[in-house]
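**Q** All I have is the shape, not the residue letters:
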């Protein structure tokens, strides 16, 4: 049976997809933390509408509303 090898999403290095790959799908903790930082800084985003569901409209303020 052949083993599955994927590319690290951060640097592109090959990563074996098995229990020995501690940081999978990343090749290292460094690449994992780089990716986490990109999500935290919003360099990576899931596209979509920022509209809140109707049940939250009365409970929370609009995130696009100007704050003076």
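**A** Arrived safely. All values reported here derive from a predicted model rather than from experimental measurement.
**Q** Report the helix or strand with the lowest average pLDDT across this protein.
**A** Among the helices and strands of the chain, helix 54-57 carries the lowest confidence by mean pLDDT, DSSP states H and E, at a mean of 71.
**Q** Off-centre distance for it?
**A** Taking C-alpha atoms, centre = their mean, to the nearest Å, one finds the center of helix 54-57 at 26 Å from the center of the full chain.
**Q** what does stretch 8-23 give?
**A** Remark: stretch 8-23 is offset 16 Å from the chain centroid, using C-alpha atoms, centre = their mean.
**Q** Make residue 1 into 56 and carry on from there
**A** Right, with 56 as the first residue, what we last looked at is stretch 63-78.
**Q** Can you measure across that stretch, start residue to end residue?
**A** End-to-end span of stretch 63-78 (C-alpha to C-alpha, to the nearest Å): 10 Å.
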